[in-house]
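Trainee: pasting the structure only:
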């Protein structure tokens, strides 16, 4: 069955998206964060519900959340730098700011989720 115009537009959009820095950042970030979350699995507590579905939900929820945070901070730095290719220049201030924003968000998020949503 031939593809309609809508399917062709979606396919073309996906092909163009695969050429963006965000696509590679998503793949890289997802891979690293999935390994990181799996490594932390022994530290997780699941208030009385430790079945495999709950564990998989927790890992996937945290991994996807980390990817969204990574992309959000990337876009903030891209706006400040007026370029989505800022990371290719290896300017220390943008790399430092990227790391700093990630650390600040992580501290805020951990405190909020550990102490306020117990």
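Mentor: Nice, I can see it. Note that this is a predicted model, so its numbers are computed, not measured. Numbers count the residues shown, from 1 in each chain.
Trainee: centre of the chain to the longest helix seen in the chain, how far?
Mentor: Once the chain is assigned using DSSP state H, the helix that runs over the most residues is helix 52-81. Here helix 52-81 is found 3 Å from its chain centre; the criterion is C-alpha atoms, centre = their mean, to the nearest Å.
Trainee: what is that helix packed up against?
Mentor: The contact analysis (3 or more C-beta pairs under 8 Å, 6 or more residues apart in numbering; DSSP states H and E) places helix 52-81 against helix 21-39, helix 92-111. (Glycine included, C-beta is placed from N, CA and C.)
Trainee: helices or strands up against the shortest one?
Mentor: Meaning helix 21-39. In terms of contacts (3+ C-beta pairs under 8 Å, 6+ apart), helix 21-39 is packed against helix 52-81.
Trainee: the helix it packs on to helix 92-111, inter-axis angle?
Mentor: 150 degrees (axes from the mean of the first three to the mean of the last three C-alpha atoms, to 10 degrees).
Trainee: okay, buried residues for helix 52-81 please.
Mentor: If you call a residue buried by 16 or more other C-beta atoms under 10 Å, then helix 52-81 has these buried ones: 58-59, 62-63, 66-67, 69-70, 73-74, 77-78, 81.
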